[in-house]
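[1] Need a 3D model of the following:
(chains A and B)
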There are 2 protein chains.
Amino acid sequence: MLARDMARVTLLGAGMMGSALAVPLADRGHEVRLVGTHLDAEIIDSLKRTETHPKLGCELPREIRPYFVEELGEAILGAEILGVGVSSAGVRWAGEKLAPFVRPEVPIVMVTKGLELEEGRLVLLTDLLDRSFAEPMHPAAIAGPCIAGELARRVESCVLLAGRDRNKVERLAGELRAPYYHPFVSDDAIGALACAALKNAYAMGIAFALGLHEKRGGQPGSVAMHNTESAVFAQAVLEMQRIVEAMGGDPLTVSGLAGVGDLDVTTNGGRTGRFGRWLGLGLPVAEAIERMAGATLECLEILEVMRRALPGLGIGAAELPLLSHLCEVALDGAPVALPLSRFFR
Amino acid sequence: MLARDMARVTLLGAGMMGSALAVPLADRGHEVRLVGTHLDAEIIDSLKRTETHPKLGCELPREIRPYFVEELGEAILGAEILGVGVSSAGVRWAGEKLAPFVRPEVPIVMVTKGLELEEGRLVLLTDLLDRSFAEPMHPAAIAGPCIAGELARRVESCVLLAGRDRNKVERLAGELRAPYYHPFVSDDAIGALACAALKNAYAMGIAFALGLHEKRGGQPGSVAMHNTESAVFAQAVLEMQRIVEAMGGDPLTVSGLAGVGDLDVTTNGGRTGRFGRWLGLGLPVAEAIERMAGATLECLEILEVMRRALPGLGIGAAELPLLSHLCEVALDGAPVALPLSRFFR
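    Predicted structure coming up:
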């Protein structure tokens, strides 16, 4: 028997974000079972032997119990909350694995981010997951500024918890809250998930100016090309508002945690910024990718998706001059030449 | 006789921003006269002798003609555009000096930023300047992400040009535009000027987390306290939206260049960030001020103004938990303890 305010939580996916989420859950007193996918075998092995998460580079609380994917049946027994932290490519697989265990009274929370394209239309990963189940479970998603390595080290973080079922979202927020982890709730799953995906592409573009500055021989400092970076930042917010609105979401979500908050943290703390800097420096895309040493580049994935989705959204390229340029640079190999005079129309 | 698309421009105030604005104007082909105030005598002297602006740390184009304040009469003769770049304390003085020369067909552009308090009500500096004149001239103001030292070095910059007379603003935008300087127009003088003032206070708060991180022995890097910084960034945007709306401005201005754009650049490039970092590190306010070596701290000025203005705006402290905390820390000497759980209500 668990105490009244404790729950059994089973998280599927032991990558950086899924594992980081286990930390506030464990600190909160929940019984947390962290199940690796086939890709996470080394991580689970390391956790079982040393409690150290090799990708996060730190120990996890010993209360978090690691499981190999083959042990899923045992790990999911009696789960009162389910979490999904697989890669975006693994969402269908996760749905199949979880389907036998989902029940309406067991809320599902996703940290997997991205948008999928289906017959020219954008689909939220929460909706994609939901299709695996016999009846809609309305999974909630976490968006907002949260670098996994910081959450695992208990850095004070605010996130947006969004889903189509307000009651489930509210209940989940209560279960996730920890002294340093502050989930705020939203009904706008579309806006939250669109921002979570799009911010990667736009953060790449904000970092172009850093590379351009260095290319001209500039040194880092307070006088650099911050004016250009911040103009791109503001244009990114404007374009994300347009896209979210066209998708049927709430443009106000873009000026909050999921939009400006996540865009800011991705620019300051993420690998996407390093990649954008290489492109700004003038490196060919292939070489920039090579220098990222195998890191997942969500920015390229979402640009591919958006390029094909835009016709169906009814937004012309002229309304998204920054996104269009990002596609030209990162997908077509065009040189960086930020079209500032076409911004803010 | 000047060419058809050239104008005689007289700028009053040769500080960093006023002088930086002279650069795109001169590059554009305008005849620019830069007049120092009493406080700028050394700057003008240096410009006359060596063309070097001591505060910007670079040469200005030789086409910009420097004048001492005593030479104002000569400098302003035949001016077709007037610019005001004095300190916020000098706006009334500038109004008196310019009053004999203003004419409806001569647009006025201000780079001076701030909000004044008059009998408990906030007043825009453009409106304050306008009162010096026999009839309303509707000066326009420049807001948005523009570090003077970068503009003077011709870094690509986007700014918002806002004023109460759309025609004048449009005309001015046309006169100011240069290949690397992109003014976009707005009717929302309230939103633009409120953002220009408020961003200093909020940028200070965003920088707290950098100091907190260092205080705990953390090193700069991708895993730091970026999550906290970006949560504060998003909350700053929310509170600026509330304040702008209460002042009668357009909250959408806050998600654009004047709001998120300027907040971003101030956080990355400004002295305000350094000051906030000292406070986050736990330095007493007086010591933090001392370490800033005489730099103007607009963040303290605007916090004083806002604390006294809030009752008149009808916004309770609970709606602005971040601003309230910034006042407690910077004005009352309270320790930094960001109230994240009270954000996003």
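[2] Hmm, A:Ser157 is touching B:His226, no?
    No. Taking contacts as Cβ atoms under 8 Å, A:Ser157 lies outside contact range of B:His226: 9.5 Å. C-betas here are computed from N, CA, C, even on glycine.
[3] any common contacting residues for the two?
    Taking Cβ atoms under 8 Å, 6 or more residues apart in numbering or on different chains as the criterion, A:Ser157 and B:His226 both touch A:145, A:150.
[4] Please report the distance of A:Ala178 from chain B.
    Counting by Cβ to the nearest Cβ, to the nearest Å, the gap from A:Ala178 to chain B is 11 Å.
[5] doesn't A:Asp27 make contact with that residue?
    Yes. Using Cβ under 8 Å, A:Ala178 is in contact with A:Asp27, at 5.2 Å.
[6] Doesn't A:Ala309 belong to a strand?
    No. Assigned with DSSP: H, G, I helix; E, B strand; the rest coil, A:Ala309 falls outside any strand and is helix.
[7] so who does the residue most central in space within chain A touch?
    The centroid of chain A falls nearest to A:Lys113 when counting by Cα atoms, centre = their mean (4.0 Å). Applying Cβ under 8 Å, 6+ apart, we find A:Lys113 in contact with A:88, A:125, A:141, A:143, A:193, A:196-197, A:298.
[8] so which of those would you say is closest to chain B?
    Of all the contacts of A:Lys113, A:Ala143 has the smallest distance to chain B: 11.2 Å, by Cβ to the nearest Cβ.
[9] same for whichever strand or helix holds A:Ala20, what does it pack against?
    Taking DSSP states H and E as the criterion, A:Ala20 maps to helix A:16-27. Judged by 3 or more Cβ pairs under 8 Å, 6 or more residues apart in numbering or on different chains; DSSP states H and E, helix A:16-27 is in contact with strand A:8-12, strand A:31-35, strand A:81-84, helix A:148-151, helix A:166-176.
[10] out of the ones you listed, nearest to chain B?
    Closest approach to chain B among those is made by helix A:148-151 (4.0 Å; Cβ to the nearest Cβ).
[11] Can you give me the buried ones in that closest one?
    A:148-151 (16 or more other Cβ atoms under 10 Å in any protein chain shown).
[12] and which of those is nearest to A:Glu31?
    A:Leu151 (19.3 Å; Cβ to Cβ).
[13] who in the stretch 151-300 of chain A is up against chain B?
    Residues of the stretch 151-300 of chain A lying close to chain B (Cβ under 8 Å from any Cβ of the partner chain) are A:151, A:153, A:155-158, A:182, A:184, A:209, A:222-231, A:233-235, A:237-238, A:241, A:254-257, A:259-262, A:264-265, A:268-271.
[14] from those residues, which ones fall inside helices?
    Among these, the members falling in helices are A:151, A:209, A:226-231, A:233-235, A:237-238, A:241, A:262, A:264-265, A:268-269, A:271 (criterion: DSSP state H).
[15] in the stretch 1-150 of chain A, what residue is nearest chain B?
    Among all residues of the stretch 1-150 of chain A, A:Pro145 sits closest to chain B, at 3.4 Å; criterion: Cβ to the nearest Cβ.
[16] Tell me the backbone dihedrals of that residue, please.
    With angles defined as degrees, to the nearest 10, A:Pro145 sits at phi -80, psi 100.
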